[in-house]
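Q: mind looking at a prediction? Sequence and model below.
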Amino acid sequence: MKFSDLSVYLEKLENTSSRNAMTEILASIFQRASREEIDKISYLLLGELLPAYKGLEFNIAEKIMTQALALAFDQSPAYITKKYKSAGDLGNVAHELAQQQKNKKAKNFSVNYLYDALLEIAAESGEGSQERKIKKMAELLSNLDARSVKFVVRMPLGKMRLGFSEATILDALSVANKGDKSARPLIERAYNVTADIGAITKKIKMGGLAMLKKIETNPGVPVRPSLAERLPGAVETIKKAGPLVGVEKKLDGFRTQLHAWKEGGQKRIALFSRNLENTTLMFPEITASARKLKTDNIILDGETIGYNAKTGKFAAFQETVQRKRKYEIEEFAKKIPLHIFVFDILHLNGRSLLNLPFRKRRAILEKVIPVQGIGALMLARQTETASPALIEKELGKSVEAGLEGLVVKNLEAPYQAGSRGFHWIKLKATTAALEKLRSGQARGKNQLLDTIDCVIMGGYRGRGKRAGFGVGGLLLGIRGPEDKYYTVSRLGTGLSDEQFREANKRVEKLKAPEMPKSYVADKEIAPDIWARPALVVEILADEITLSPRHTAGRHGSNTRGYSLRFPRLVRFRDDKNPEDATTVEEIKKMYKAQKK
Ligand code: ATP
């Protein structure tokens with residue numbers, strides 16, 4: 001396929017907000033794509049070059065792109081910047097400039113050629129790499145037609161704005177191969193087990209949907225993590241997951257998937273975060289201990305957290321999080337050594353363990369990691385019980401120790417990759433108690449089961465004291481029907497000055513010229529600055545109420561949406577993608593539970 005043909009589809013996708021229409025367009029692309037290009041097209045559709053776990057970033061900021069545009073279209077960077085300020089989108093600026101060059105004939109590159117060129121630009125590193133990136137990008141842009149230019153400029157900036165997620169791609173693959181969405185569960189299973197959309201699309205193209213049945217866990221390729229449901233108490237928990245359950249502490253650190261495999265005769269180790277980004281370099285002490293594992297073919301699931309082996313104390317998240325920096329990692333590894341508490345095993349010696357009941361997986365895990373651990377690799381402690389009283393006692397102990405609560409596990413359940421279910425139940429201490437722990441002061445009594453993960457949809461300019469921060473308030477949303485984001489709250493007073501500064505910096509980077517098409521929001525609460533859906537914040541609230549102003553859950557005869565009372569920011573959740581935000585369905589359940 002020529003890239004110019006792909007851009008026609010991209011433009012169609014850009015101009016529709018109906019999920020069904022997007023699914024149809026994507027299905028046509030997949031039908032038309034050849035087996036040599038379908039994987040690359042899949043990544044490009046998501047604005048990427050490789051799956052996130054490979055850790056390749058474009059590293060092209062707006063400044064670099066501005067210079068590339070200046071070079072490509074023979075203008076000054078100042079002129080491009082001026083144009084950008086009024087258009088609000090460098091892709092549109094590039095489109096206009098390319099259109100003006102009517103007498104220049106565009107080279108009709110194939111998708112493969114363009115993909116390789118972009119890959120080469122992204123891979124530039126070291127001394128002089130910025131200049132080389134600018135030069136190569138300019139060369140590429142000056143040879144493209146106007147429509148293609150628009151998308152090639154937006155892609156490295158993370159601003160494709162096509163408004164669909166991987167879920168729509170999975171639907172489209174089903175439509176392309178079966179004529180309807182009935183193959184979605186099969187495709188989704190494969191994607192949950194090996195989270196590489198390019199590999200999946202290619203497999204289907206080569207041998208049809210039947211090929212997916214053969215897809216199994218593969219060390220080196222992350223598995224989408226299993227997630228927990230919420231319940232209000234121990235009795236309900238036993239009813240749902242018991243009678244006998246496994247009780248574990250809910251440690252408050254980084255979710256970490258540890259992979260070991262052999263490649264080219266060498267043992268390789270990789271670590272992946274909750275949203276499957278490669279975090280291997282962030283935790284050298286864990287990687288080093290993983291080398292001591294007796295096997296070189298394994299996938300483990302666990303939580304990485306600061307831990308003092310002498311006192312048996314876990315570090316607070318604020319301490320653990322200090323590791324999230326690019327520099328001085330070794331130094332911090334000495335100051336606050338991190339450990340991974342492994343709570344599950346997904347693969348061992350060439351065999352997927354996903355379908356084994358948890359009790360059996362746990363027995364295997366206990367053989368792989370002894371109670372005393374292997375260096376920084378520790379076995380998560382587990383207590384088997386059928387007693388609600390014991391669960392409550394454990395919950396109290398966990399909260400006293402400064403932890404979030406418990407994760408209670410169904411001992412008979414398989415590992416449910418990529419899904420939230422009652423096979424795991426998180427019991428957090430009441431939010432009031434949590435708040436008390438985190439800020440040292442109590443607030444009113446309330447029964448919200450959990451914090452809520454919201455997407456920042458935009459920012460309101462600050463007034464008075466906050467004028468200096470730029471953004472003085474945020475519009476928050478959650479995920480709902482049709483893959484769209486619905487408003488649920490404004491966040492104003494619940495941020496410290498430092499958090500405001502940080503929010504401002506981040507919203508500025510995500511600025512969109514108009515309301516993104518995946519947003520459903522009332523005009524009356526439109527923020528001064530719209531932000532693309534990218535940033536997730538964890539919010540603590542007193543209560544979920546109903547409000548006519550918000551669109552989450554408001555449809556048909558429901559004239560009021562869900563809304564958060566007294567929202568406070570807990571933290572920025574860089575380990576979550578917007579698709580991982582709390583859903584309208586979840587809020588509905590939490591609303592019902594708090595009324596009990
Ligand atoms: P949260 O925002 O509470 O971390 P989440 O959406 O990331 O939630 P959930 O499925 O709701 O994920 O809760 C499970 C999370 O709890 C895991 O992602 C993991 O990071 C953490 N966790 C800590 N201890 C355990 C444990 N023993 N078993 C499973 N998960 C644990």
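A: Arrived safely.
Q: show me the contacts for Pro77.
A: Listed by C-beta atoms under 8 Å, 6 or more residues apart in numbering, the contact partners of Pro77 are 66-67, 70. In this view, the C-beta of every residue, glycine as well, is placed from N, C-alpha and C.
Q: now it: closest residue in space that isn't a chain neighbour?
A: Spatial nearest neighbour of Pro77, excluding adjacent residues (C-beta to C-beta, 6 or more residues apart in numbering): Ala70 at 4.5 Å.
Q: where does that neighbour fall, phi/psi-wise?
A: Here the main-chain torsion angles of Ala70 (degrees, to the nearest 10) amount to phi -60, psi -40.
Q: what number of residues lie near it?
A: Ala70: 19 surrounding residues under other C-beta atoms under 10 Å.
Q: what about it, distance to the ligand?
A: Between Ala70 and the ligand the computed distance is 43 Å (C-beta to the nearest ligand atom, to the nearest Å).
Q: could you do Asp450 as well?
A: 7 Å.
Q: not counting its neighbours along the chain, what's nearest that residue?
A: Nearest to Asp450 is Arg230, by C-beta to C-beta, 6+ apart, at 4.9 Å.
Q: could you list every residue that touches the one you found?
A: The contact partners of Arg230, by C-beta under 8 Å, 6+ apart, come to 425-428, 449-450, 586, 589-590, 593.
Q: so which of those residues is the closest to Thr304?
A: Lys426 (17.9 Å; C-beta to C-beta).
Q: give me the three-state assignment for the closest one.
A: Secondary structure, DSSP: H, G, I helix; E, B strand; the rest coil: Lys426 is strand.
Q: cool, and Glu36?
A: Note that with three-state DSSP, the state of Glu36 is coil.
Q: could you pull out the helices for the stretch 351-500 of the chain?
A: 358-368, 388-400, 431-439, 497-510 (DSSP state H, counting those that start in this stretch).
Q: where among these is average confidence lowest?
A: Here the lowest mean pLDDT among these goes to helix 431-439, at a mean of 53.
Q: now do the contacts for the nearest residue to Lys213 once chain neighbours are set aside.
A: Nearest residue to Lys213, sequence neighbours excluded (C-beta to C-beta, 6+ apart): Leu186, at 7.3 Å. By C-beta under 8 Å, 6+ apart, the residues touching Leu186 are 209, 212-213.
Q: just give the number of residues close to Gly55.
A: Counted with other C-beta under 10 Å, the neighbours of Gly55 add up to 14.
Q: gap between it and Leu276?
A: 10 Å (C-beta to C-beta, to the nearest Å).
Q: next: Ser352.
A: In terms of C-beta to C-beta, Ser352 sits 17 Å off from Leu276.
Q: more neighbours: those two, which one.
A: With neighbours defined as other C-beta under 10 Å, Ser352 and Leu276 compare such that Leu276 has more, 20 against 17.
Q: the closest residue to the more buried one other than its chain neighbours - how many residues pack around it?
A: Computed as C-beta to C-beta, 6+ apart, the closest residue to Leu276 that is not its neighbour in sequence is Pro222, at 4.4 Å. When neighbours are defined as other C-beta under 10 Å, Pro222 has 28 of them.
Q: repeat that for Pro243.
A: Applying other C-beta under 10 Å, we find 10 residues neighbouring Pro243.
Q: before we move on, what about Met457?
A: Quick note: Met457 (other C-beta under 10 Å) scores 32 neighbours.
Q: hmm, the residue nearest to Pro77 is touching Lys83, no?
A: No. Taking contacts as C-beta atoms under 8 Å, Ala70 lies outside contact range of Lys83: 10.5 Å.
Q: who is Leu540 paired with across the strands?
A: Arg568 (DSSP bridges).
Q: am I right that it is in contact with Pro567?
A: Yes. If you go by C-beta under 8 Å, Leu540 and Pro567 touch, sitting 7.3 Å apart.
Q: how near is Arg554 to Gly468?
A: When Arg554 is compared with Gly468 (using C-beta to C-beta), they lie 35 Å apart.
Q: please say which of these two ends up with more neighbours.
A: Arg554 (22 against 12).
Q: please name the nearest non-neighbouring residue to Glu508.
A: Gly470 (7.0 Å).
Q: ok, the residue nearest to Asn308 when sequence neighbours are not counted - how many residues close by?
A: The spatial neighbour of Asn308 that comes closest, neighbours along the chain excluded (C-beta to C-beta, 6+ apart), is Ala315 at 7.6 Å. By other C-beta under 10 Å, the residues close to Ala315 number 21.
Q: now Thr295
A: With other C-beta under 10 Å as criterion, Thr295 counts 15.
Q: if I read this right, it contacts Asn349, doesn't it?
A: Yes. Contact criterion C-beta under 8 Å: Thr295 and Asn349 qualify, at 5.9 Å.
Q: near the ligand, which residues of the chain show up?
A: Residues of the chain lying close to the ligand (C-beta under 6 Å from any ligand atom) are 227-228, 248, 250-251, 255, 274, 303, 343, 380, 407, 426.
Q: do a quick rundown of the helices in the stretch 201-350 of the chain.
A: Under DSSP H, counting those that start in this stretch, the stretch 201-350 of the chain gives helices at 234-241, 284-290, 317-320, 329-335.
Q: typo on my end, it should be the stretch 1-150 of the chain
A: Along the stretch 1-150 of the chain, counting by DSSP H, counting those that start in this stretch, helices occupy 3-14, 19-32, 38-45, 62-72, 77-87, 90-100, 111-123, 129-142, 146-154.
Q: angle of the third one against helix 19-32?
A: Put simply, helix 38-45 runs at 150 degrees to helix 19-32, going by axes from the mean of the first three to the mean of the last three C-alpha atoms, to 10 degrees.
Q: ok, back up a step: how near is the residue nearest to Glu508 to Phe500?
A: For Gly470, the distance to Phe500 - C-beta to C-beta - is 8 Å.
Q: quick one: residues contacting the most far-flung residue of the chain relative to its centre.
A: The centre of the chain is farthest from one residue, Asn103, which by C-alpha atoms, centre = their mean lies 43.8 Å away. Counting by C-beta under 8 Å, 6+ apart, Asn103 touches no other residue.
Q: what's the neighbour count on the nearest residue to Val221 once chain neighbours are set aside?
A: Counting by C-beta to C-beta, 6+ apart, Val221 lies nearest to Thr194, which is 4.6 Å off, once chain neighbours are set aside. By the measure other C-beta under 10 Å, the count of residues near Thr194 is 23.
Q: ok, Thr194 - contacts?
A: 200, 215, 217-218, 221-223 are the contacts of Thr194 under C-beta under 8 Å, 6+ apart.
Q: most neighbours of all these, which one?
A: Most neighbours among these, by other C-beta under 10 Å: Pro222, with 28 neighbours.
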